[in-house]
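> below: sequence and its predicted model.
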Amino acid sequence: MRHDRTDDTPDAILIGSGHNSLVCALYLLRAGWSVRVLERAQTPGGAVKTQELTEPGFRHDWAAMNLSNFRNSGFYADFGEALEARGAEFARAEKCFASVYDDGTWFGVGTDTEANLARIRALSERDADTWRALTEGFEARAGLIGGLMSSPMSWTALSGLGFKALRECGWGGSLDLLRFTLSSPRDWLGRSFESEKIRAALAPWGMHIDYAPDIASGAIFPYLEAFGDQAGGMFLGRGGSDTIIRAMVAEIEAQGGSVECGTEVTRILHEGGRARVIETADGRRTRRSSPMSPPARWHG
């Protein structure tokens, strides 16, 4: 049951309304907390925004547009039905991404594996063999990588994943997987592919997640994007990526929470070592209450 709190003393105040903040708000609401989200911009969503930037009626994704990880996430498994009832809708692209080069050629990845291999073979026979081997091992490796990315950073959880990797891959495969997960995009792409065009087409997916070419562990993202798109296509927001933001905000409000835009938080005040009060640019103060009990688990 929801705690008996006044609107002026929410259990949780979230500053910023990016999609991760909205996800957090929905889990807290499910756990029985009262929640208020404050956003200084005039519209929610952070880097997930769709706007009319050219002609009236033509809506363009301002930043994020690839919603595959969101659509395939544990969060969406929990809340997808509710969000779809609030209007969230997706379109699946089968021709996912491509790069065009100065010499007029191009390379792209879609859901047709043989077509992908034919394009790669035109660039490098060795790279085509590598691509096929990576395709065949993708399901098992992606399961382990996905487990690592979603696991708590505790020795118990990580040791469990390590034993799973040993059972499924053996010592050699596990060490190869460890080396891969620690690799930068440049390192992994350089080891794996001889064609500069293939490297250039895949490398930006690491930067898309803010991993520069030489940052350790950045190889995970070009790998997952390329072979995940090949396996299942790319999910886009039908009508714009903000379809998920509008649906999450609607669900937050339906559950008794609030998302307040045009409100800039200027100061956080602490009491007893804990953040208790926020001040906004218009001079208001909002006190966070102490929840009667923290959520025992996210799915409470």
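It's in.
> please make it C-alpha for all contacts and neighbour counts, starting now.
Noted.
> I'd assumed Val277 was in contact with Arg285.
Yes: taking contacts as Cα atoms under 8 Å, Arg285 lies within contact range of Val277: 6.6 Å.
> could you chop this structure up by domain?
Following automatic domain parsing, one finds the domains of the chain at 12-90+238-287, 95-232.
> turn the ones you listed into TSV, columns for mean neighbour count and mean pLDDT.
Listed next are the domains of the chain as TSV, based on neighbours: other Cα atoms under 10 Å; pLDDT from 0 to 100:
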stretch	mean neighbour count	mean pLDDT
domain 12-90+238-287	17	94
domain 95-232	16	84
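> so what secondary structure elements neighbour whichever strand or helix holds Leu83?
Using DSSP states H and E, Leu83 sits in helix 74-85. Helix 74-85 sits against helix 243-254, with contacts defined as 3 or more Cα pairs under 8 Å, 6 or more residues apart in numbering; DSSP states H and E.
> outside of the helix it packs on, which residues touch it?
If you take Cα atoms under 8 Å, 6 or more residues apart in numbering as the criterion, helix 243-254 is touched by 19, 22-23, 25-26, 29, 44-45, 48, 82-84, 86-89, 237, 258-259.
> now do the strands in the stretch 101-250 of the chain.
Along the stretch 101-250 of the chain, counting by DSSP state E, counting those that start in this stretch, strands occupy 106-110, 234-237.
> quick one: closest of these to Val37.
With Cα to Cα, the closest approach to Val37 among those belongs to strand 234-237: 23.1 Å.
> run through who's touching the closest one.
By Cα under 8 Å, 6+ apart, strand 234-237 touches 65-68, 71, 88-94, 96, 243-244.
> repeat that for 6 Å
With contacts defined as Cα atoms under 6 Å, 6 or more residues apart in numbering, strand 234-237 is touched by 66-68, 90-93, 96, 243.
> for stretch 178-190, same thing?
Contacting residues not belonging to stretch 178-190 are listed as 199, 213-219 [Cα under 6 Å, 6+ apart].
> show the end-to-end separation of it, please.
Distances were taken as Cα to Cα, to the nearest Å; on that basis the terminal residues of stretch 178-190 are 17 Å apart.
> from the middle of its chain, how far away would that stretch be?
For stretch 178-190, the separation from the chain centroid amounts to 20 Å (computed by Cα atoms, centre = their mean, to the nearest Å).
> next one: stretch 74-91
That offset, for stretch 74-91, works out to 15 Å (Cα atoms, centre = their mean).
> CA atoms only for it - export them in CSV, please.
The C-alpha trace of stretch 74-91 is given here as CSV (Å, rounded to 0.1, in the frame of the first residue of the first chain):
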residue,chain,number,x,y,z
GLY,A,74,14.1,-6.4,-17.7
PHE,A,75,12.3,-3.1,-16.9
TYR,A,76,10.2,-3.5,-20.0
ALA,A,77,9.4,-7.1,-19.1
ASP,A,78,8.1,-5.7,-15.8
PHE,A,79,6.3,-2.6,-17.1
GLY,A,80,5.8,-3.1,-20.9
GLU,A,81,2.1,-4.0,-20.7
ALA,A,82,1.4,-0.9,-18.7
LEU,A,83,3.4,1.4,-20.9
GLU,A,84,1.8,0.0,-24.1
ALA,A,85,-1.6,0.8,-22.5
ARG,A,86,-0.3,4.4,-22.1
GLY,A,87,0.7,4.6,-25.8
ALA,A,88,4.2,3.2,-26.1
GLU,A,89,4.7,1.8,-29.5
PHE,A,90,7.6,0.5,-31.5
ALA,A,91,8.6,-0.2,-35.1
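> that concludes my questions; thank you for your assistance.
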